[in-house]
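Asks: sequence-free structure coming up:
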């Protein structure tokens, strides 16, 4: 508990630096490219088009979902995935990437995944706004259910920031762990119902297992706001499961941080 309180105090004490570093990380991502900030739209747009073309035109499996075009259903799942994917990859190697903050400046280690997460979230918030305008442009104006969208965004931010702290600590100790996690990202994508509908599974236990996946929960949460028109409290079991996973990951991350924080600077040198 003392370690957890210490992490919170570090975030409060260094809050200004955290936001400055988040801004610097964001600028660094697109600096030097000819198209600059346009890549924040171009890269996701290309990804969305490829999946839309593959399922709608190629496989002809892109059917309307609850009266909404498949394209809208697809982007409602892919937009949150872009943030999750960044945190599973770049978030995991955040401490290694910013090792100089640890070895030369004695910056609190636990805050590094946080400012990286804020940086990726800022881009994702922009994409969410674009997605909302796309819904409106296509004649599907979001209704009152959209007021719960900030809750899903917050849950996603908390979970994957904590996960990035845990994973980045382990990645500092072992490059094999980093490589293993990167190799599993594709599996996570295809098993999380991002480009296919989890609700169509007929095997009850498998459907329950897949819905317990926190990535699936966030993706379905976004679709609940735009497509399914479902309130967050209407699925209490999956919400409690998500919160339980968040608590467990937090506990593990804090324990690892307590054990490894003194060793990390030596490992990174």
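Replies: Happy to help now that I have it. Because the structure is predicted, anything quoted here is derived from the model rather than measured.
Asks: tell me the phi and psi of residue 68?
Replies: Residue 68 adopts backbone torsions of phi -100, psi 140, taken as degrees, to the nearest 10.
Asks: tell me the contacts of the residue lying closest to it once chain neighbours are set aside?
Replies: Spatial nearest neighbour of residue 68, chain neighbours left out: residue 227 (5.2 Å); criterion: CB to CB, 6 or more residues apart in numbering. C-beta coordinates here come from the backbone N, C-alpha and C atoms, glycine included. Neighbouring residues of residue 227 by CB atoms under 8 Å, 6 or more residues apart in numbering: 65, 66, 68, 72, 73, 76.
Asks: Any chance of those in JSON lines with pLDDT and distance to residue 177 as columns?
Replies: Shown next, in JSON lines, are the contacts of residue 227 (pLDDT from 0 to 100; distance: CB to CB, whole Å):
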{"residue": "65", "pLDDT": "76", "distance to residue 177": "37"}
{"residue": "66", "pLDDT": "76", "distance to residue 177": "40"}
{"residue": "68", "pLDDT": "84", "distance to residue 177": "40"}
{"residue": "72", "pLDDT": "90", "distance to residue 177": "37"}
{"residue": "73", "pLDDT": "90", "distance to residue 177": "35"}
{"residue": "76", "pLDDT": "92", "distance to residue 177": "32"}
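Asks: How much space separates the residue most central in space within the chain from residue 10?
Replies: Note on the chain: the residue nearest the mean C-alpha position is residue 84, at 2.3 Å, using CA atoms, centre = their mean. Between residue 84 and residue 10 the computed distance is 25 Å (CB to CB, to the nearest Å).
Asks: cool, and residue 121?
Replies: 19 Å.
Asks: okay, the two: which has more neighbours?
Replies: residue 121 (22 against 17; other CB atoms under 10 Å).
Asks: wait, the more buried one sits on residue 80?
Replies: No: between residue 121 and residue 80 there is no contact under CB atoms under 8 Å: 10.7 Å.
Asks: contacting residues for the closest residue in space to residue 231 that isn't next to it in sequence?
Replies: Closest residue to residue 231 in three dimensions, ignoring its sequence neighbours and counting by CB to CB, 6+ apart: residue 148, at 6.6 Å. Neighbour list for residue 148: 221, 224, 225, 231, 232 [criterion: CB under 8 Å, 6+ apart].
Asks: can you confirm the second one is in a strand?
Replies: No: according to DSSP: H, G, I helix; E, B strand; the rest coil, residue 224 belongs to no strand; its state is helix.
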